Every structure is written in C-alpha cells, then in structure tokens.
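Student: the following block contains a protein sequence and its predicted model.
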Amino acid sequence: MKPNSRVISGLPRVRRVDGAIMRTSSVPEDQEAIIHPSREPGEEPVTPTVVMTFTQPDYQALCRLAQAQDAPRQFWGCACRAGLWEGAPLTVTAPALGAPYAAMVLEKLIALGAKRVLMLGWCGSLASQVRIGDLIVPSRAMPGDGTSPHYGPEAGEILPHPDLYELLAASLRKQEIPWHTGPVWSTDAFYRETKSLVKSCQEQGVLGIDLELAALLAVARFRGIAAAALLIVSDELFSLKWQPAQGSQPFRAGRRAALHLALDAAAEAEERNV
C-alpha cells in the first residue's frame, strides 16, 4: 500500500458549547457525532499550552524540568500534570501511546481548554541520512492509521500548525544538533512495519515512522487548535533490518536536547499566544 499524498482541506470550523467542542458547519445528520468531549462538572481546566508525550521516561523528565507540583490527574489512565517553564504555565501528559488512545486524550484536553499542543515523541528512521539520536520536525503526517480518517473528509497528508512548526525549526537552526524536516508516516501496527511499507515510504521521501502523529494533527485541525511535533529517532529501519538505540549515547544526547527544545517552544508559544 502506497502512502496517500492528497492534502486534507475544507475541514469544518468548530465552537465551544458548555465545555464541549461542536462543529459549526452543516453536515449530514447521520455524520454528526453521538458522543462529544466535554468538561464535566467540577472538573478543573488545563493550561492553554500542553506538551504531550508518549513514554514514561519523557513524561517524568518533563515533570521534573517543569517542576510539576500537584498530583497527576488521569484521563483513561493517561497522567496529566501542570508545571512552569521560563515562567510560562503548561500541562504535561503521558503516556498516550497509539493513535486511538492519543486521540481520545487530546479530545479531552481540548475540552478542558488546551489551545496549543506540542508533541514530543520517538520514531523510527526510514531514510539513511536520518540516524539514531537525530531529531525530526515533521513538515506533514501521512496517515497509515485508522483514526485520522475519521477527522477529515478524505485520507491524505496533514500539516502541523505553521507557527508552532516554525518555532521548533527556528530553535533547532540555532543548535548544533543533527535534525531534519520532512514527512512522517503514522501506523497503527508496530509489528507490521514491513519491508514493502518501508520501500514505499522511501520512494516518496518519508523520513520516519511513528504511531500517533497523523491522528493528533487530524484531531487538532478538526477541533481548531494549534499542534506540531518534535520526534527523536529511537531506531532505524532504512536498511530493512531493525536497529534499536539500546540506550546509545547519540540517543541519550538527542533526547536530552529534545526535552529542553520542546519546553522552550511551549513557553514561547504561550508567550506569543500562537
């Protein structure tokens, strides 16, 4: 199966009604959702800026750096804590692993007041120039998952918010860190990253493969919030053999840099009201 390269467009605008997110454009009645994300009575809001991650080590490191004080809340088992970075309030969540679960968590965060989301994740490299420990700022997500098509009229590439994307890219241009920008393919099936899929992605210039990016960008666009991602290369598949980082020095260095870069971008986005 070749990745689809059509661009999603024409998504409906949204508005908030009593804490819930509602679509404002007219759609066929049978296409209206039955269940809507909402803020329950007595439920505290989250900060407008959220850093969303997918592993416990990254979540714990972000909470330490952001000096999160309160006990975590849980959304379907996903932890959520408030903190500060450079004076900017933010919320850290994890581990929202996999597209359906991550989309559910993001829907709840948006219902609770999230307006901009920076994703910090790990990915596999599909390109020989992209090595373990390098960073990727995805310029677009190519959906191979089953969740993102539910948030758009057709399958196709999904773009990050341009201002959040540029904040991350501008920060990396000032660093002496190996980094790349380009398309990332999202899959639901970690154990079905086949040779034919890797070759197909390589033919289209795809840099990496992950589990959540397409779904989260699709939810963000559908709900009218800003979202972008910073990915750490944790393994390589471009040779058609799996090479995991296994705690290598380049991966540790890339991850340390990514943690600070994600927080810096979140604070700047909060300050600029992106």
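Tutor: That came in fine, so what should we check first?

Student: could you report the neighbour count for residue 81?
Tutor: By other CB atoms under 10 Å, 20 other residues sit near residue 81. (Each C-beta comes from the backbone N, C-alpha and C, glycine too.)

Student: CA atoms only: put the host helix or strand of it into CSV for me.
Tutor: Secondary structure assignment for residue 81, by DSSP states H and E: strand 78-85. The C-alpha coordinates for strand 78-85 follow below in CSV (Å, rounded to 0.1, in the frame of the first residue of the first chain):
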residue,chain,number,x,y,z
CYS,A,78,-3.0,8.9,30.9
ALA,A,79,-1.4,11.1,33.5
CYS,A,80,-1.7,14.9,33.4
ARG,A,81,0.2,17.5,35.5
ALA,A,82,0.7,21.2,35.5
GLY,A,83,4.0,22.9,35.6
LEU,A,84,6.1,26.0,34.7
TRP,A,85,8.9,26.6,32.2
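
Student: and whichever helix or strand comes after it, which strands flank it?
Tutor: Later in the chain than strand 78-85, the nearest helix or strand by DSSP H and E is strand 88-94. Strand pairing for strand 88-94, determined by DSSP bridges: strand 49-53 (parallel), strand 78-85 (antiparallel).

Student: ok, residues contacting the strand holding residue 81?
Tutor: Outside strand 78-85, the residues within contact range by CB atoms under 8 Å, 6 or more residues apart in numbering are 46-47, 59, 62-63, 65-74, 89-96, 101, 105, 109, 263-264, 266-267.

Student: which stretches of this structure form helices?
Tutor: Remark: helices assigned in the chain by DSSP state H are 56-65, 99-111, 162-173, 195-203, 213-223, 249-272.

Student: tell me who's in contact with residue 127.
Tutor: Residues in contact with residue 127, defined by CB under 8 Å, 6+ apart, are 180, 182, 202, 205-208, 238.

Student: low pLDDT regions in the chain?
Tutor: 1-28, 153-155 (pLDDT under 70).

Student: switch to 80 and redo it
Tutor: Applying pLDDT under 80 to the chain flags the ranges 1-31, 153-155.

Student: next, the buried residues of stretch 232-250.
Tutor: Burial within stretch 232-250, assessed by neighbour count using 16 or more other CB atoms under 10 Å, is assigned to 232-238, 245.

Student: make JSON lines from the residues you listed and add distance to residue 152 to it.
Tutor: Formatted as JSON lines, these follow (distance: CB to CB, whole Å):
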{"residue": "232", "distance to residue 152": "27"}
{"residue": "233", "distance to residue 152": "27"}
{"residue": "234", "distance to residue 152": "28"}
{"residue": "235", "distance to residue 152": "29"}
{"residue": "236", "distance to residue 152": "31"}
{"residue": "237", "distance to residue 152": "27"}
{"residue": "238", "distance to residue 152": "29"}
{"residue": "245", "distance to residue 152": "33"}
